[in-house]
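Trainee: below is the structure, and that's it, no one-letter string:
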């Protein structure tokens, strides 16, 4: 027979089970529900279910981590950080998502610390990618280089990782950059145009004895491939190695403008160092153009033309400046002067033709013949063909414009201005359906671009 002590123990056990078993069952049910919700990508609901499970099953530290991961996936950053805060025992994935939460919250030092802890536990590709991004945003190029190299060594990088490391090495260790870039290009051909540009610059820079000039050459190439942050580093190095290098200062000013900074101070420094440099004058002209100060722009290019009178580029820029100032007669003279300097170059015939068509100046006797000459010199140049079609349109030769632009857009469907010109040609001929199709194509294909926005404006105007 059971004694009183045994009976009391059984009674207590039964009471404990009666109280806690429903809680435990509820906790596990919440956990199963959370897993199902997470699999279904119902992250907000999953986060709440994991939270509920964690409260009912306090010995399950992983549930708070899972709640944090689910909340981070849902974009509920504050909740994610709160949930992660309930446990210090995180997995590599948990540390990675905590790093992501810190990153989204703007706490970069904490994000870096969490991601480094994640990689110490397990080299997750997503942790590498986010850590590299953080270093990039902080312009900590040396640290980014290290993390990218480690990622590739772990066989967890992709072609972009290889390409990005090559870009960094272009400035940090130019002698090591080319093999890395070529490997990226062979793995992913989309990188090949940029890699070839950088390859040419690296080969040229290797022949230059002056370190400042090496960095200047590399910086310009990085600008050509739209890596302006790194080009700034290269130009800063060029100016550091030779503070008297006016072109380095001028290009530094240009690069800063490309990332939204002013750049005026660097351009002024360049001018103080060399007032007769056509590069300095040209980049200052570009600066004034962006500031809509066309008189100052014109003055810079006139000086460039004085220092380099045989270069047609400066006459073309002078023509552009006069056009912006509304002096069309002077602009026409400048464009014609450019052709006199380079009669066998299609570009300057095209610029003259485009100027005439856009401004309604001597389109019949000067503009159209110039457009025809441009195509004669460069029959496969889409810009020349587009300008010829636009010139036909401007002189009322709609059938010729349609034929030229149809052929051109068939060969170069992503040359959006030609599609717009073709649409206007259709409108002039009364073919509204075809015009609508062309404008819709440009609007949808160039979303957010200047041609896409212009096409949208024309759709509103002609098809309200």
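Mentor: Sure, I can see it. What you see is a predicted model, and the numbers here were worked out from it, not measured in a lab. Numbers count the residues shown, from 1 in each chain.

Trainee: which parts of stretch 328-347 are buried?
Mentor: Going by neighbour count (16 or more other Cβ atoms under 10 Å), the buried part of stretch 328-347 is 328, 330-332, 334-339, 341-342, 345-347. Placement of C-beta: from N, CA and C, glycine included.

Trainee: model confidence score at residue 58, please.
Mentor: Residue 58 is assigned 76 on the pLDDT scale.

Trainee: meant to ask about residue 32
Mentor: Residue 32 is given a pLDDT of 79.

Trainee: and if you look at the one 4 residues further on?
Mentor: What the model reports for residue 36 is a pLDDT of 76.

Trainee: residue ranges with poor pLDDT in this structure?
Mentor: In the predicted model of the chain, residues 1-30, 56 satisfy pLDDT under 70.

Trainee: out of the buried residues of stretch 328-347, flag the one nearest to residue 222.
Mentor: Using Cβ to Cβ, residue 347 comes nearest to residue 222 of these, at 24.9 Å.

Trainee: in the host helix or strand of that closest one, what counts as buried?
Mentor: Secondary structure assignment for residue 347, by DSSP states H and E: helix 346-359. Buried residues in helix 346-359, defined by neighbour count with 16+ other Cβ under 10 Å: 346-357, 359.

Trainee: if we can go back for a sec, now, which of the buried residues of stretch 328-347 lie within helices?
Mentor: Counted as lying in helices by DSSP state H, out of the buried residues of stretch 328-347, are 328, 330-332, 334-339, 341, 346-347.

Trainee: now residue 353: how far from residue 396?
Mentor: Residue 353 is 16 Å from residue 396, where distance means Cβ to Cβ, to the nearest Å.

Trainee: so the nearest residue to residue 241 once chain neighbours are set aside is in which element?
Mentor: Distances taken as Cβ to Cβ, 6 or more residues apart in numbering place residue 212 nearest to residue 241, at 4.0 Å, with adjacent residues excluded. According to DSSP H and E, residue 212 maps onto helix 211-224.

Trainee: roughly how far apart are the residue lying closest to residue 449 once chain neighbours are set aside and residue 346?
Mentor: Spatially, and ignoring its direct neighbours in sequence, residue 449 is nearest to residue 416 (7.3 Å; Cβ to Cβ, 6+ apart). With the distance defined as Cβ to Cβ, residue 416 ends up 21 Å from residue 346.

Trainee: still on that earlier bit, from the buried residues of helix 346-359, which is closest to residue 51?
Mentor: residue 354 (63.6 Å).

Trainee: ok, that closest one touching residue 394?
Mentor: No. Residue 354 is beyond contact range of residue 394, at 9.9 Å (criterion: Cβ atoms under 8 Å).

Trainee: show me the contacts for the spatially most central residue of the chain.
Mentor: Centroid-nearest residue in the chain: residue 226, 7.4 Å away (criterion: Cα atoms, centre = their mean). Residues near residue 226 by Cβ atoms under 8 Å, 6 or more residues apart in numbering: none.

Trainee: re the thing from before, adding distance to residue 221, write the ones in helices among the buried residues of stretch 328-347 out as CSV.
Mentor: Below are these laid out as CSV (distance: Cβ to Cβ, whole Å):
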residue, distance to residue 221
328, 37
330, 36
331, 33
332, 36
334, 30
335, 30
336, 34
337, 31
338, 27
339, 30
341, 27
346, 25
347, 22
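
Trainee: residue 183: which of the residues you listed is nearest?
Mentor: Using Cβ to Cβ, these come closest to residue 183 at residue 347, 35.6 Å.

Trainee: and that closest one, how far from residue 294?
Mentor: Distance from residue 347 to residue 294, by Cβ to Cβ: 22 Å.

Trainee: can you classify the nearest residue to residue 443 once chain neighbours are set aside by secondary structure?
Mentor: Nearest in space to residue 443, with sequence neighbours left out and distances taken as Cβ to Cβ, 6+ apart, is residue 455 at 4.3 Å. Following DSSP: H, G, I helix; E, B strand; the rest coil, residue 455 is assigned to helix.

Trainee: OK, contacts around residue 455?
Mentor: For residue 455, the contacting residues are 416, 419, 420, 423, 439, 440, 442, 443, 446, by Cβ under 8 Å, 6+ apart.

Trainee: which of the residues you listed lies closest to residue 105?
Mentor: residue 446 (35.1 Å).

Trainee: and the spatially closest residue to the closest one that is not a sequence neighbour, how far is that from residue 242?
Mentor: Closest residue in space to residue 446, ignoring its immediate chain neighbours: residue 452 at 3.3 Å, by Cβ to Cβ, 6+ apart. Separation of residue 452 from residue 242 (Cβ to Cβ) stands at 44 Å.

Trainee: what do you get for residue 71?
Mentor: 53 Å.

Trainee: could you do residue 258 as well?
Mentor: 22 Å.

Trainee: what does stretch 355-370 rub up against?
Mentor: 319, 323, 328, 331-332, 335, 339, 349-350, 352-353, 371, 387, 390-395.

Trainee: one more time with 6 Å, if that's ok
Mentor: 328, 332, 335, 349, 352, 353, 390, 391, 394, 395 (Cβ atoms under 6 Å, 6 or more residues apart in numbering).

Trainee: for stretch 254-263, same thing?
Mentor: With contacts defined as Cβ under 6 Å, 6+ apart, stretch 254-263 is touched by 228, 231, 232, 235, 253, 283.

Trainee: ranking by neighbours, what's the top pick from the residues you listed?
Mentor: The most crowded member of the contacts of stretch 254-263, judged by other Cβ atoms under 10 Å, is residue 235 (32 neighbours).

Trainee: list the contacts of that one.
Mentor: Taking Cβ under 6 Å, 6+ apart as the test, what residue 235 contacts is 219, 248, 251, 252, 255.

Trainee: let's see it at 10 Å
Mentor: For residue 235, the contact set (Cβ atoms under 10 Å, 6 or more residues apart in numbering) comprises 171, 212, 215-216, 218-220, 222-223, 228, 245, 247-256, 266.

Trainee: ditto for residue 305
Mentor: 278, 281, 311-315, 317-318, 334, 337-338, 341.

Trainee: name the helix or strand for it, please.
Mentor: helix 294-307.

Trainee: what angle sits between that helix and helix 328-341?
Mentor: Compare the direction of helix 294-307 with that of helix 328-341 by axes from the mean of the first three to the mean of the last three Cα atoms, to 10 degrees and you get 30 degrees.

Trainee: for helix 294-307, which positions count as buried?
Mentor: 294, 297, 298, 299, 300, 301, 302, 303, 304, 305.

Trainee: repeat that for stretch 374-394.
Mentor: 374-375, 377-378, 381-394.

Trainee: likewise for stretch 407-425?
Mentor: 408-409, 412, 415-425.

Trainee: quick one on the thing from earlier: I'd like the contacts of stretch 355-370 as CSV, with distance to residue 39 appended.
Mentor: Below are the contacts of stretch 355-370 laid out as CSV (distance: Cβ to Cβ, whole Å):
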residue, distance to residue 39
328, 67
332, 69
335, 65
349, 63
352, 64
353, 62
390, 56
391, 61
394, 61
395, 65
